[in-house]
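# This is a predicted model, with the sequence first.
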Amino acid sequence: MESIRDKVAIIGMGCTRFGERWDKGVEDLLVEAAYEAFEDAGIAPKDVQAAWIGTVFSGLSAITLAPLQLQYIPVTRVENMCATGSEALRAAAYAVAAGVCDIALAIGVEKLKDTGATGVKGPSIVGDNQDASSGIGPGYSAPASFAYMATRYFHDYGIRPDEGKRLLAQIAVKNHHNGSLNPKAHFQNELTVEQVVNAPIIAWPLGLYDCCGVSDGAAAAIVTRADMARSFRQDPIYIKALQIAVGARQGAMRQDYDFTHIEENVTASRRAYAEAGIKDPRREISCAEVHDCFSIHEMIVYEDLGFSPRGRAREDIEAGTFTLKGELPVNTDGGLKCFGHPLGASGLRMMYEMYKQLQGKAGPRQVKNPRLALTHNLGGNAGTGICSCFIVGNEK
Amino acid sequence: MVGITSFGVHLPVYRLRREEIGRMWGRAGGEGARAVAGYDEDPITMAVAAVLDCLKRTGGEADRLFLATTTSPYREKQAAAVVASAADLREDCHTADFSGSLRASSSALMAALDAVSAGAGKSAIVVASDMRAGAAKGSLEATLGDGAAALTVGTENVVAELEGSYSVYSDFTDYWRLDEDRFLRSAEGRFIDEAGYFPIMERVIGGLLDRYGLKSGDFSRIVYYASDSRQHGALARRLRLEKEKVQPPLYDAVGNTGTAAVLLMLGAALEQAKAGERILVVGYGDGADAFIFRVTGEIEKFRRIPLVSDKLVGKVFVSYGQYLTWRGIIPVETQTLPERPPLSLPARFRERRAISALYGVKCRRCGTPQFSPLGQNIRVCVKCQAKDEFEPYRFSDKRGTLFTYSVDSLMPTLNPPGVNGVVDFEGGGRLVCELTDCIVENLKVGMPVEMTFRRMFVNRGIISYFWKARPVAPA
């Protein structure tokens, strides 16, 4: 089995401002993200030979990409829940690695605010038929399905709920600080721990600020063969690993699934480290964008991805390990919490930040001398998850 | 010997104090409380709970299920069949709805006794369940209550043997509803007593005593329906019944539960009864049905678990506002949460065993019980990946523990905040499901839970019933 490592490079990226973009449609967001990427790569739209568009709710087929007026090239719509944007990038990179095209576009978009509803659709996105269901399955909200992890984590590690809430609050405070340095983020305000712990409860023990933004947005990447990359730009970013691991509802069906870790996260990250040749992720990875849909998940991801030893994320949170100035900055752009979470765009938005960091173009959020960066998504929830774990670097 | 062989009760955990109703309307509300069906209960779900309670007591089977109710959620579609499938009764069980009259429960009991006496059936379940509605500000909203009671009639292990019965009919109009009526209509109280209820009760009891050559003094316990406590007491005085022999109607604690009321009283009487005692039971409505039961030595086995008394006291007192919204009497603000996908009858048909009695499968190779969270057919084992090597496995009768949970402000419910969580079953298997009838402050990881059949939501006119977990009493 071959690896994707160093076969494909990203030579251009674009990302819209995320947020409540009431006056912009899917078409505006797609054009905004794609043209920033074209310009960044120094290519014209006609240079794109194939495209993958990722969206969960905002379009059914490849025709969703029509606003770009690409001329009869192959286009495919992909969907993989919260990993949808990452899935588009994976498809485009694999096509380039297969040698069937030299320049491909991966783009993700979501107009969540057009639904007129608060939050994201429920059970339908975890595999039930969206048009016709038997109605079985609890009406639990997405925050509740992650609150299960907080309840169980606090229980297993003997953390009192009020202590636990203060601990998780530090993650929201960190991400809000990072978001405040980012003009494209949905939320750009700082928060205090007090504000977080006193916010209205959404799904006990998670409060308002433990939950990410529901946003509109789009992000795009142009990929090409690694050996051609430097003909486009001097600082291409090389793909080191693209891994996806998908659960089969074990968390909802098996008593041995513990809700203090997510096996999909562990599996995808271990495969990604192997593909990228990483032995000690905490030391070797310079910065990461992980799926902080809910604060508890960012905490569990620290452990699942091997950034913190199992059961000891608390010490790292309290030591500031994952802040901008810490040992391993995580969610430098504000994360899903602050940058926002338009499902189909999120994976590519994370890659946009890692790409800028590795190029040294992250402005006030720039981490020192990055070499390897990681993006991570989790669609669904524990045992019913789709995890993507990608690694990129600025050296071949 | 033909008679009663088991007994079960379901009373909702919710109570509405009559004082609270009075407060709403600026007047004295009276003593006690009425039972209020939870927002996710209806006469079908309450009947299921009563039947399961009844079957659990004796572990019996049944070849008849007669459901009595005046408030079936369906105008057309048999409620008894829904109850039978949730109780996992065999397919050749004869099911029937008895409706249209408060006497439906005693009529169903009469039919069950007749069927078993005639040898047409071995064991018949009679279940009565009602949640009648009185209009706001009227006396009925305070005196009515919601609940269900079930009993089995059979020939073995009989706790109360049938010694005789007598019936009269009457087209006297005291309480009624037309198709378009949401609330009960009633005639004037004095007229009901003097022209209807008293004479009908006198005729049925007198007729019964005459037929069998008995006097009221030959009975140790006298159980009869009345529309409220006042009427109940008035009949006892009129018939000069010995006060200590008259079974209290339980109306102060739960209210008048319609067709279920006389069965609930019978249950309370059986709970106290001793071998050899004779019990007179009279159901009323459009006439009356009277029965003589003689308690047998088998009654002793009923002592282990209380029949009725442990359920009379509710766990949660609701506000008048909660009562109004749960009943759909006043519309509530529509939530801005995403809607559930539309219900599909073909999908519900395919998944009918999962829906009705929470059937999953058990792997023949590795022994793991499992349930698909979507109710889908399981083809490949979640543990060992063996394909198509399963036997059916029922989860609805298994107890479990709460592995983890959340108190979910976003879950659509008429009793916010919603509670949902992960249940691990004794013997294996896991289910992510909603919780109901729980006190949020008492929730904790590891608490014991049991499954209860509830109404989830209504979509395109289809009532979606499914199972929820509830704390095992007392919690």
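Done, it's in.

# Let me see the ranges of the helices in chain A.
Secondary structure of chain A by DSSP state H: the helices cover A:26-41, A:84-98, A:142-156, A:161-180, A:193-197, A:250-253, A:263-276, A:281-284, A:295-304, A:313-319, A:335-339, A:343-358.

# got it, and the stretch 351-475 of chain B?
Along the stretch 351-475 of chain B, the stretches classed as helices by DSSP state H, counting those that start in this stretch are B:352-357.

# what residue ranges in it score low on pLDDT?
Within the stretch 351-475 of chain B, the ranges that satisfy pLDDT under 70 run B:473-475.

# same deal with chain B?
Along chain B, the model assigns pLDDT under 70 to residues B:336-340, B:473-475.

# SS state for the residue positioned nearest the centre of it?
Taking CA atoms, centre = their mean, the centroid of chain B lies closest to B:Ala148, which sits 2.2 Å from it. Following DSSP: H, G, I helix; E, B strand; the rest coil, we place B:Ala148 in the strand state.

# With B:Ala290 instead?
strand.

# Quick one: mean pLDDT over stretch A:356-366.
Averaging pLDDT along stretch A:356-366 yields 98.

# List the buried residues for that stretch?
A:356-359, A:362, A:365-366 (16 or more other CB atoms under 10 Å in any protein chain shown). Yep, even glycine has a C-beta here, placed from its N, CA and C like the rest.

# and if you look at stretch B:107-114?
B:107-114.

# Need these in JSON lines (columns: distance to A:Ala221 and secondary structure).
Converted to JSON lines, the buried residues of stretch B:107-114 look like this (distance: CB to CB, whole Å; DSSP: H, G, I helix; E, B strand; the rest coil):
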{"residue": "B:Ser107", "distance to A:Ala221": "74", "secondary structure": "helix"}
{"residue": "B:Ala108", "distance to A:Ala221": "70", "secondary structure": "helix"}
{"residue": "B:Leu109", "distance to A:Ala221": "74", "secondary structure": "helix"}
{"residue": "B:Met110", "distance to A:Ala221": "77", "secondary structure": "helix"}
{"residue": "B:Ala111", "distance to A:Ala221": "73", "secondary structure": "helix"}
{"residue": "B:Ala112", "distance to A:Ala221": "72", "secondary structure": "helix"}
{"residue": "B:Leu113", "distance to A:Ala221": "77", "secondary structure": "helix"}
{"residue": "B:Asp114", "distance to A:Ala221": "78", "secondary structure": "helix"}
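
# Show me which of these is closest to B:Asp174.
B:Ser107 (17.0 Å; CB to CB).

# And the closest one, how close does it get to chain A?
Distance of B:Ser107 to chain A, given as CB to the nearest CB, to the nearest Å: 34 Å.

# same question, B:Leu270
38 Å.

# and that residue, what helix or strand is that in?
In this assignment (DSSP states H and E), B:Leu270 forms part of helix B:261-272.

# Which strands and helices lie in contact with that helix?
With contacts taken as 3 or more CB pairs under 8 Å, 6 or more residues apart in numbering or on different chains; DSSP states H and E, helix B:261-272 sits against strand B:3-10, helix B:104-117, strand B:123-130, strand B:147-154, strand B:221-224, strand B:278-284.

# quick one, what contacts residue 236?
Since no chain was named, I'll use chain A. Residues in contact with A:Pro236 (CB atoms under 8 Å, 6 or more residues apart in numbering or on different chains) are A:9-11, A:224, A:226, A:229-230.

# that's the other chain; I wanted chain B
Contacts of B:Ala236 by CB under 8 Å, 6+ apart are B:222, B:243, B:246.

# helices or strands next to the strand ranked longest in chain B in the packing?
Scanning chain B for the strand with the most residues, using DSSP state E, yields strand B:448-459. Applying 3+ CB pairs under 8 Å, 6+ apart, we find strand B:448-459 packed against helix B:43-58, strand B:400-408, strand B:430-435, strand B:462-471.

# report the angle between the axes of the longest one and strand B:147-154?
In this case it means helix B:43-58. 50 degrees (axes from the mean of the first three to the mean of the last three CA atoms, to 10 degrees).

# Can you mark which positions in helix B:43-58 are buried?
B:43-55, B:57-58.

# Contacts (any at all) between chain A and that helix?
No - under the criterion of CB under 8 Å from any CB of the partner chain, helix B:43-58 makes no contact with chain A; the nearest approach is 14.9 Å.

# Endpoints of stretch A:58-66, how far apart?
13 Å (CA to CA, to the nearest Å).

# pLDDT on that stretch, on average?
Averaged across stretch A:58-66, pLDDT comes to 95.

# near chain B, anything from it?
No - figure legend: stretch A:58-66 not in contact with chain B (CB under 8 Å from any CB); closest approach 14.4 Å.

# got the buried residues for that stretch?
A:58-59, A:62, A:64-65.

# Which of the residues you listed sits closest to chain B?
Chain B lies nearest to A:Ser58 out of these, by CB to the nearest CB, at 14.4 Å.

# hmm, back to that, can you say which of the helices and strands packed on strand B:448-459 is nearest to B:Gly328?
Of the helices and strands packed on strand B:448-459, nearest to B:Gly328 by CB to CB is strand B:462-471, at 13.1 Å.

# Just the C-alphas of the closest one, formatted as CSV.
C-alpha atoms of strand B:462-471 as CSV (Å, rounded to 0.1, in the frame of the first residue of the first chain):
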residue,chain,number,x,y,z
ILE,B,462,-49.0,9.2,12.5
ILE,B,463,-48.5,8.7,16.2
SER,B,464,-44.9,7.6,16.8
TYR,B,465,-44.7,5.3,19.8
PHE,B,466,-41.4,4.1,21.1
TRP,B,467,-39.6,3.2,24.3
LYS,B,468,-38.0,5.5,26.8
ALA,B,469,-36.0,4.8,29.9
ARG,B,470,-37.3,5.8,33.3
PRO,B,471,-35.8,5.6,36.7
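
# near chain A, anything from that strand?
Yes - under the criterion of CB under 8 Å from any CB, chain A is reached by strand B:462-471 at B:462, B:464, B:466.

# can you put those in TSV and add distance to A:His297 and neighbour count?
As requested, those are exported to TSV (distance: CB to CB, whole Å; neighbours: other CB atoms under 10 Å in any protein chain shown):
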residue	distance to A:His297	neighbour count
B:Ile462	35	14
B:Ser464	30	18
B:Phe466	28	25
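
# Can you tell me which of those residues is nearest chain A?
Nearest to chain A among the residues of strand B:462-471 next to chain A: B:Ser464, at 3.9 Å, using CB to the nearest CB.

# which one is that closest one nearest to, not counting chain neighbours?
Nearest non-adjacent residue to B:Ser464, counting by CB to CB, 6 or more residues apart in numbering or on different chains: A:Gly135, 3.9 Å away.

# surely the one you found meets B:Pro342?
No - between A:Gly135 and B:Pro342 there is no contact under CB atoms under 8 Å: 9.2 Å.

# In terms of neighbours, single out the busier of the two.
Between A:Gly135 and B:Pro342, counted using other CB atoms under 10 Å in any protein chain shown, A:Gly135 has the larger neighbour count: 28 against 14.

# quick one, phi psi at the more buried one?
With angles defined as degrees, to the nearest 10, A:Gly135 sits at phi 80, psi 0.

# Please list all residues in contact with it.
Contacts for A:Gly135 (CB under 8 Å, 6+ apart) come out as B:340, B:343, B:348, B:355, B:456-457, B:459, B:462, B:464, B:466.

# List, out of the buried residues of stretch A:356-366, those positioned next to chain B.
When those are checked against chain B using CB under 8 Å from any CB, none falls in range.

# ok, so of these, who is nearest B:Ile205?
B:Ile205 lies nearest to A:Arg365 out of the buried residues of stretch A:356-366, by CB to CB, at 87.7 Å.

# Next one: the closest one from chain B, what distance?
Distance, A:Arg365 to chain B, by CB to the nearest CB: 32 Å.

# which residues touch that residue?
Per CB under 8 Å, 6+ apart, neighbours of A:Arg365: A:178, A:181-182, A:324, A:332-333, A:357.
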